[in-house]
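# Curious how this folds, go ahead:
(one chain, ligands or ions: 2)
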Amino acid sequence: MVDVQNDFCPGGSLAVPEGNKVVPVINKLIEEFDIIVASKDWHPSQTVHFQKWPVHCVQNSKGAEFHPQLQSAKIQQVFLKGTGNKDDGYSAYEATNHNLQEYLKSKGVTEMYVTGLATDYCVRASALDAAKSGLTTYVITDAVAAVNIQPNDGEKALDEMKRAGVKLITSDKIIS
Ligand code: VGL
Ligand code: ZN
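Ligands and ions are numbered 1, 2, ... in the order given. Down below sits the predicted model:
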């Protein structure tokens with residue numbers, strides 16, 4: 001579950017169009033999985049990242065909290081990324097509080113299903129790293145949403161992930 005945080009949802013400082021639409025889909029999907037992990041964009045108040053983006057997801061701010069409707073009690077570990085003042089930290093694999101790859105290895109995980117925000121940045125980076133790490137990696141396409149600075153950035157990112165071996169799936173194939 002990538003960055004389902006207030007600042008990426010409508011009303012937030014870096015709102016993804018319809019970012020909140022992923023929340024009910026993710027809440028249903030949660031019931032189908034044994035291991036639920038989430039990332040949070042978790043920036044210091046001063047970072048080079050804010051030269052590219054409006055200020056968002058500052059550590060401990062309201063904007064950095066999970067969307068209030070997200071069933072966050074089911075999350076077993078939260079991975080904080082973008083925590084330095086010189087890095088973007090788009091991928092959950094760049095988390096600094098815990099090592100995602102080691103965590104998943106310790107649990108014997110071989111498959112990952114990726115949801116969240118945003119398709120063209122942190123979902124993309126996280127799914128590509130998951131595939132690179134050897135996991136069978138899926139992106140659940142109705143459980144992600146794109147920033148779309150260019151209107152088809154989300155589609156382009158999905159294409160790129162597919163070319164890298166990531167599988168695309170819809171939630172109705174998973175929810176029983
Ligand atoms: C993200 C832009 C800047 C993301 C984070 O979570 O996709 N996008 N920081
Ligand atoms: Zn960010």
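# Every contact and neighbour count from this point should use C-alpha atoms.
Fine.
# Can you name the element that comes right after whatever helix or strand Thr141 lives in?
Counting by DSSP states H and E, the element that carries Thr141 is strand 136-145. On the C-terminal side of strand 136-145, the closest following helix or strand by DSSP H and E is helix 153-163.
# Touching, Lys81 and His98? I think so.
No. Contact between Lys81 and His98 fails when scored by CA atoms under 8 Å: they sit 9.5 Å apart.
# what about the two, which has more around it?
Each of Lys81 and His98 has its neighbours counted (other CA atoms under 10 Å); Lys81 has more, 24 against 16.
# How about the residues of the protein by ligand 1?
Contacts of the chain with ligand 1, taken as CA under 6 Å from any ligand atom, map to 3, 90, 117-118, 121-122.
# now these in TSV, with pLDDT, secondary structure and distance to Val22?
Shown next, in TSV, are these (pLDDT from 0 to 100; DSSP: H, G, I helix; E, B strand; the rest coil; distance: CA to CA, whole Å):
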residue	pLDDT	secondary structure	distance to Val22
Asp3	98	coil	11
Tyr90	98	coil	19
Leu117	98	strand	8
Ala118	98	coil	10
Tyr121	98	helix	16
Cys122	98	helix	15
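# Between the residues you listed, identify the one with the most neighbours.
The residues of the chain next to ligand 1, ranked by neighbours (other CA under 10 Å): first place Asp3, 30 neighbours.
# from what I can see that residue touches His56, true?
No. Counting by CA under 8 Å, Asp3 sits too far from His56 to count as a contact (11.4 Å).
# Now do the helices for this structure: every range, in order, please.
Along the chain, counting by DSSP state H, helices occupy 22-29, 49-52, 100-106, 124-132, 153-163.
# now for the first one, which elements pack on it?
Right, the one you point to is helix 22-29. Secondary-structure packing of helix 22-29 (3 or more CA pairs under 8 Å, 6 or more residues apart in numbering; DSSP states H and E): strand 111-117, strand 136-145.
# The same query, at a cut-off of 7 Å, please.
strand 136-145 (3 or more CA pairs under 7 Å, 6 or more residues apart in numbering; DSSP states H and E).
# Render the CA-only coordinates of the strand it packs on in PDB, please.
What follows is strand 136-145, C-alpha atoms only, in PDB (Å, rounded to 0.1, in the frame of the first residue of the first chain):
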ATOM      1  CA  THR A 136       6.400 -11.900  -8.600                       C
ATOM      2  CA  THR A 137       4.900  -8.400  -8.700                       C
ATOM      3  CA  TYR A 138       1.300  -7.300  -9.500                       C
ATOM      4  CA  VAL A 139      -0.100  -3.800  -9.700                       C
ATOM      5  CA  ILE A 140      -3.900  -3.700  -9.000                       C
ATOM      6  CA  THR A 141      -4.900  -1.200 -11.600                       C
ATOM      7  CA  ASP A 142      -8.200   0.000 -10.000                       C
ATOM      8  CA  ALA A 143      -6.400   0.400  -6.700                       C
ATOM      9  CA  VAL A 144      -3.900   3.000  -8.000                       C
ATOM     10  CA  ALA A 145      -4.200   6.500  -9.300                       C
END
